[in-house]
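Asker: fold the following for me, if possible:
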Amino acid sequence: MVQAFDYNTSMTYYGPKELADSFRTVRNNTITIAEEIPEDKYGFRAHLDSRSVAETLIHIAHVPEIALEIHGKRKLTSFEGFDFMSIFGPMLADEKAPHSKAEIVAMLRATGDQFAGWLAGISDDVLAQTMQMPPNSNNPPTKTRFEMLLSVKEHEMHHRGQLMVLERMLGMVPHLTRQMQARLAQMQQAQAAKP
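Answerer: Numbering: from 1, shown residues only. Predicted coordinates:
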């Protein structure tokens, strides 16, 4: 007999620890890309209207700070009347400011460590809280904090994909591609060695 699933007593399989661990994995891969791209290529951009390598990395570095401000410091429950430009304005200005490669990598490490540490310490109850989305947005009326905090990782993966394309345009093979190629080669060798 199949037993009905009770959402009130079920285990959570993806909580604060898993959220923090998965974010750390994503951030470490971003840092590897930042370290592998030569500093003299940090100004490279795919198009005049797109972010450069440096601007993209700075943008990635700042996004967890936004989440910390909204969910950690202010603990907002609604975006009604929220002044988004009070947070986005300084971040956008910093993307355009000159930074060395070492400064950008340090920024990625610092904001990543701070955000992952905070994530690991919040409760499932905090993740389950809902927030009212801005009126007239393309979002549903409410979202859970879990969904919003997960989106920080999703956002970074989106931009990391752009960085991997930029690496290809610069004649580089991204580290994740190299790792997959090595695994495939090992599997092919193991298959060929079978009697």
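
Asker: confidence score at residue 195?
Answerer: We have a pLDDT of 81 for residue 195.

Asker: likewise residue 2?
Answerer: 46.

Asker: low-confidence ranges, this structure, go.
Answerer: 1-12 (pLDDT under 70).

Asker: please repeat the previous calculation with a cut-off of 90.
Answerer: 1-14, 79-82, 84, 133-141, 190, 193-195 (pLDDT under 90).

Asker: in it, which spans are strands?
Answerer: Secondary structure of the chain (DSSP state E): strands located at 130-132, 142-144.

Asker: and these: which comes nearest residue 151?
Answerer: With distances scored as CB to CB, the stretch of the strands of the chain nearest to residue 151 is strand 142-144 (8.6 Å). C-betas here are computed from N, CA, C, even on glycine.

Asker: which residues does the closest one contact?
Answerer: With contacts defined as CB atoms under 8 Å, 6 or more residues apart in numbering, strand 142-144 is touched by 127, 128, 129, 130, 131, 132, 133.

Asker: same question, stretch 44-58
Answerer: 30, 34, 37, 41-43, 59, 94-96, 99, 101, 104, 107-108, 159, 162-163, 165-166, 169-170.

Asker: how many other residues sit next to residue 128?
Answerer: Neighbours of residue 128 under the rule other CB atoms under 10 Å: 11.

Asker: show me the beta-bridge partners of the nearest residue to it once chain neighbours are set aside.
Answerer: Distances taken as CB to CB, 6 or more residues apart in numbering put residue 144 closest to residue 128, at 6.1 Å, once the chain neighbours are dropped. Applying DSSP bridges to residue 144 yields these beta-bridge partners: residue 130.

Asker: can we start the residue count at 869 from this point?
Answerer: Got it, first residue is 869 now, which makes that one residue 1012.

Asker: ok, and which of the strands of the chain has the densest surroundings?
Answerer: Sort those by mean neighbour count, taking mean count of other CB atoms under 10 Å, and strand 998-1000 sits at the top with a mean of 16.
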